[in-house]
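> okay, here's the prediction I keep looking at, along with the sequence it came from:
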Amino acid sequence: MNEDIIEPNNYVFIRLPSATLRITKLAPRSTIHLGKFGSFYADDIIGKSYGYTYEIKDDKHVDTIYSSEGLFPSSTIDADEEEDGAEAEITPVPEEKEVGTNENTRDDPAVQKLSMTEIEALKKTASGEKIIETVIKSHAAFDKKSVYSQEKYKRRKQQKFLRRFTPCSVGSCEIIEYFQYKDHHRILELTSESLGLILSLANIRPGGKYIVIDETGGLVAGAMMERMGGEGMIMFAHENEHPNMDVMKFMNFPEALVAQMIKTINLFELFYPEEEEDVKVLSEDTLSKMKSSRRGQYYRRLARHVELQSIFQRICDGLFDGLILATTLETKPLLDKLIPALQGSRQLVVYNTAKEPLVAASHDLIADLRVLAPTILESRVRKYQVFPGRTHPEMTSKSGGGYVLWGTRVLPSKVQAGGKKRRKPNAPKPTSNGDAANKANVAETWREVPTETVA
Amino acid sequence: MDINKPDNTDTSADTNSPFLEFNSSIPENGLVLAWLTRDNTKPLRPVQGSALHTRFGSFQHSSMISSKYGTQLASSSSNQAGFIYLLHPTPELWSLSLPHRTQIVYTPDASYIVQRLRIRPGSKVIEAGTGSASFTHALARTVAKNGRIWTFEFHEPRFEIAKKEIEDHGLDGVVKCSHGDVCVNGFIPACDEILDASAVFLDLPSPWLAIPHLKTVISKEKIVRICCFSPCMEQVQRTIETLQKEGWLDIEMVEVSCKRWEARKEMVRKPQDAIERLRDIRRRRNEGLKKRNERKLAEAQKDEAMSEAQENGAVTPAENHVPDKPFLPSEYNPWGKGKRVHEGEHGYEWKEVSKVEAELKSHTSYLTFAYLPPPVQGKDGHIGSE
């Protein structure tokens, strides 16, 4: 997983001027097709740093954009300001009459003097910027547009004709961006703000041993791996016979690293370890008589058996450092099984697309004394359009993001675990005021439950 | 890999940062966050002979040493009752326990920034200013032992406190604190290291003055990502203007809002119950009216009889007087009317609901993100240009 240099056979995340996103595998000597933006030879960018912007030429080779303009040439408004030598402290808002209005604009397809065939011909010969320039020149009413609308028009043409792209490394943020527009359900509608919150609250860091139930195709587990730097372990519990890591595969983790860090276990194995069949240890003699394929199979089974037993032992000893659930399975049975596997003062985080299952889980945890201060968080990011004099929140935004339940595993003292000191609503009143304060602090009532009085 | 080897390498507290390593049990003089209530967590280091005194009672340090992290500890006061939890430090719990020296970067913001800046183990990060060093802890946890954070603070007393705290928490191998005004002098570290950060976080009143100084202290080989944290829109606009001038790309401004929901119980109050209660009230009123009328009638008759009797010279017998039946409230009391009913109390029907916390943190700051591609190494060789 090299996040700096593009390696052969990496999946790369490609940004295009049209704001469409692609994830493509860069096989050496292959040609990558980007639809109307053209095609290019993968070899031209393999071995380069991520983050450069390229322009596709007619011969399918690419040019690096040398200026620092990225996917879009600098906007005209900025250029104007620089020409004016506007070193002003605050970017001046263009005045009303300079800006122009849409008073005199009329919808009329005839304003564009170029025909479709002429544009198509131009596309074959000219560069993207040249096409845009020609299209604007042939627009009869361009001058009548307001400055802002000229800018918008230009940006639209850029999105259409510029043959530029920027390859980025595929991390959890890029995966989310990609699936947000494509198939958000596949990653349980996760957003970067919710995923970031989950990883921070669960205290994911190198060397930790974590449990995850991940229904996002391995996005959550992959994001955990990003935060673990190759140290530590993830117990990946799954509900099907085979774990689903279809999304994680885009993140370019070397197979060996995944095998080293991720230990898979299905729910049957997790809940009924005693039903696990022993692997009969075979003698050297028997083994030598076996076919090599059978022998290989035997060793794999044996290795898997040993690994499973060591996972069972760790669960039994309660030695895990954190728990993340991102699943549509009912939470309570999973928590009942997995809370004892956590050490004291470790974090548990449950993600769900809906709040109600987390509310139910919270109530279960409040009644259970092993988890302190369960809290449900709803984090949402709002994007803004920021142009001088035209700053406002974006008109639309993607939904999703779900809810995050967070609590800390604690070790209740024995008396409490028996429930003897649990406050009963009609328990006799403590004698002193100090005790009254204590009463609120006792046992599970750490959470100050407001008393409801129906008058 | 042997996943069952002991995690608990209880080395001495000064080489072992609880923010970088997990411990199972509490070492003497090891950092503990004593959790009293949701809003009250006290950091302490247990030493023999000391005690923590709270309104929930006293807690002997000696009973904390060698306890497991997460232990619920009963107060040593004879009349018991109080409890605290002995928690393992995490950056998130630490930020909740902070006596706020400055406005801190809260977890919903902090976690999003770490995610968006692609901070990983081994990352090199510039932070200015250090502030209360709350976000510094979150960064340190993620960059871990092989990473580096160069953090700058221009307010000297704040710098001193942060530096001491970083050392105290065993993070000084990862976090390098410097005192200085990055807006005026640029990013000059106190340590003699060459800065090559791939992530920059600016929480400054005027980030636009610091941005031009970044060129010499950021990586020349990889993408560099920046986040500027400003509460005001005017600051954002000037920041963006400078970022554009300095060649930063993909500039995006966002705001994180986070709601905290509480799981609560709401009593199920059925309209039919209200109707029955009203029916009952009407019944009782009618009964009362009937009784009053009867009584009035009786009194009228009595008066009549009295006057008649007076006329006749006779006295009314006492046994003729019927006493009022005591006016009992109806037994039907579906919602514990007039009683103090605790949320979730047995004997009533409850529905599980969620309510948003009383005070909402509706705006922290605007976050401006951008990235700078690595510089292009000239037109020689590798790039297929003419």
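Perfect, thanks for sending it. Predicted, not measured: the structure shown is a model, and the values here were computed from it.

> can you give the domain ranges for the chain?
Went with chain A since none was named. Split into domains by automatic domain parsing, chain A comes to A:173-409, A:414-446.

> my question was about chain B, not that one.
Using automatic domain parsing, chain B is parsed into the domains B:1-89, B:94-258+B:364-372.

> spit out the contact partners of the closest residue to A:M248 other than its chain neighbours.
Leaving aside its sequence neighbours, A:M248 sits nearest to A:G218 (Cβ to Cβ, 6 or more residues apart in numbering or on different chains; 3.0 Å). Bear in mind the C-beta positions are built from the backbone N, C-alpha and C, glycine included. Listed by Cβ atoms under 8 Å, 6 or more residues apart in numbering or on different chains, the contact set of A:G218 reads A:236, A:243-249.

> let's go with 6 Å and repeat that
Residues near A:G218 by Cβ atoms under 6 Å, 6 or more residues apart in numbering or on different chains: A:245, A:247-248.

> export those to a markdown table and append columns for pLDDT, neighbour count and secondary structure.
Converted to a markdown table, the contacts of A:G218 look like this (pLDDT from 0 to 100; neighbours: other Cβ atoms under 10 Å in any protein chain shown; DSSP: H, G, I helix; E, B strand; the rest coil):
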| residue | pLDDT | neighbour count | secondary structure |
| --- | --- | --- | --- |
| A:M245 | 97 | 21 | coil |
| A:V247 | 97 | 23 | coil |
| A:M248 | 97 | 25 | helix |
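
> so which of those residues is the closest to A:E394?
Proximity of these to A:E394 (Cβ to Cβ) peaks at A:V247, which lies at 26.2 Å.

> the lengthiest helix in chain B and chain A in contact?
Longest helix in chain B, counting residues (DSSP state H): helix B:271-312. No: interface with chain A: helix B:271-312 contributes nothing (Cβ under 6 Å from any Cβ of the partner chain), its closest point being 11.7 Å away.

> and the next helix or strand after that helix, which strands flank it?
With elements assigned by DSSP states H and E, the helix or strand that comes after helix B:271-312 is strand B:340-342. According to DSSP bridges, strand B:340-342 forms sheet pairs with strand A:451-453 (antiparallel).

> related to what we said a few turns ago, mind checking which of the domains of chain B is nearest A:P28?
domain B:94-258+B:364-372 (22.4 Å).

> so where's the chain shaky on pLDDT?
Just so you know, I chose chain A. A:1, A:66-69, A:74-102, A:104-106, A:414-455 (pLDDT under 70).

> that's the other chain; I wanted chain B
Chain B contains residues with pLDDT under 70 at B:1-15, B:78-80, B:99-104, B:308-332, B:377-386.

> what segments of it are helices?
With DSSP H, the ranges of helices along chain B come out as B:91-97, B:107-116, B:134-143, B:156-168, B:182-185, B:207-210, B:233-245, B:271-312.

> may I see these organised as CSV, with mean neighbour count added?
Formatted as CSV, the helices of chain B follow (neighbours: other Cβ atoms under 10 Å in any protein chain shown):
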stretch, mean neighbour count
helix B:91-97, 21
helix B:107-116, 26
helix B:134-143, 27
helix B:156-168, 17
helix B:182-185, 16
helix B:207-210, 22
helix B:233-245, 19
helix B:271-312, 11
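
> so what's the residue of chain B found nearest chain A up against?
The nearest approach of chain B to chain A comes at B:G70, 2.3 Å away (Cβ to the nearest Cβ). For B:G70, the contact set (Cβ under 6 Å, 6+ apart) comprises A:344-345, A:410-411.

> what's the closest of the residues you listed to B:A298?
Of these, the one sitting nearest to B:A298 (Cβ to Cβ) turns out to be A:V410, at 70.4 Å.

> so what's the residue count around the closest one?
If you count neighbours by other Cβ atoms under 10 Å in any protein chain shown, A:V410 ends up with 25.

> repeat for A:I324
26.

> in what helix or strand does whichever residue of the stretch 251-400 of chain A sits closest to chain B lie?
In the stretch 251-400 of chain A, the residue that lies nearest chain B is A:G344 (2.3 Å; Cβ to the nearest Cβ). Element membership for A:G344 (DSSP H and E) is strand A:342-352.

> does chain B sit close to the helix or strand that comes right after that strand?
Going down the chain from strand A:342-352, the next helix or strand is helix A:356-367, by DSSP H and E. Yes: Helix A:356-367 reaches chain B (Cβ under 6 Å from any Cβ) through A:359-360, A:362-363.

> which parts of the longest strand seen in chain A are buried?
Identified as the longest strand of chain A according to DSSP state E is strand A:371-385. Going by neighbour count (16 or more other Cβ atoms under 10 Å in any protein chain shown), the buried part of strand A:371-385 is A:371-381, A:384.

> what's the very next helix or strand once past it in contact with?
Using DSSP H and E, the helix or strand that directly follows strand A:371-385 along the chain is strand A:392-393. Outside strand A:392-393, the residues that touch it by Cβ under 6 Å, 6+ apart are A:382, A:384-385.

> what strands line up against strand A:392-393, and which way round?
strand A:371-385 (antiparallel).

> roughly how far is the strand it pairs with from the heart of the chain?
15 Å (Cα atoms, centre = their mean, to the nearest Å).

> before we move on, what about stretch B:234-243?
Using Cα atoms, centre = their mean, the offset of stretch B:234-243 from its chain centre is 30 Å.

> what residues does B:A144 make contact with?
A:206, B:121.

> measure it to A:L34 for me?
Here the criterion is Cβ to Cβ, to the nearest Å. By it, B:A144 lies 38 Å from A:L34.

> enumerate the residues of the stretch 151-300 of chain B near chain A.
So the stretch 151-300 of chain B meets chain A at B:222-223, B:240-241, B:247, B:249, B:253-261, B:263 (Cβ under 6 Å from any Cβ).

> give me the buried entries from those residues.
Buried among those (16+ other Cβ under 10 Å): B:222-223, B:240-241, B:249, B:253-261, B:263.

> B:G170: which of those residues is nearest?
The closest of those, once distances to B:G170 are taken by Cβ to Cβ, is B:K222, at 28.7 Å.

> now for the closest one: which residues touch it?
B:K222 touches A:4, B:198, B:374, counting by Cβ under 6 Å, 6+ apart.

> mind checking how far the first one is from B:L171?
If you measure A:D4 against B:L171 using Cβ to Cβ, the figure is 26 Å.

> what's the neighbour count on residue 50?
Picking chain A for this. With other Cβ under 10 Å as criterion, A:Y50 counts 22.

> oops, wrong one, chain B.
Counted with other Cβ under 10 Å, residues neighbouring B:S50 total 14.
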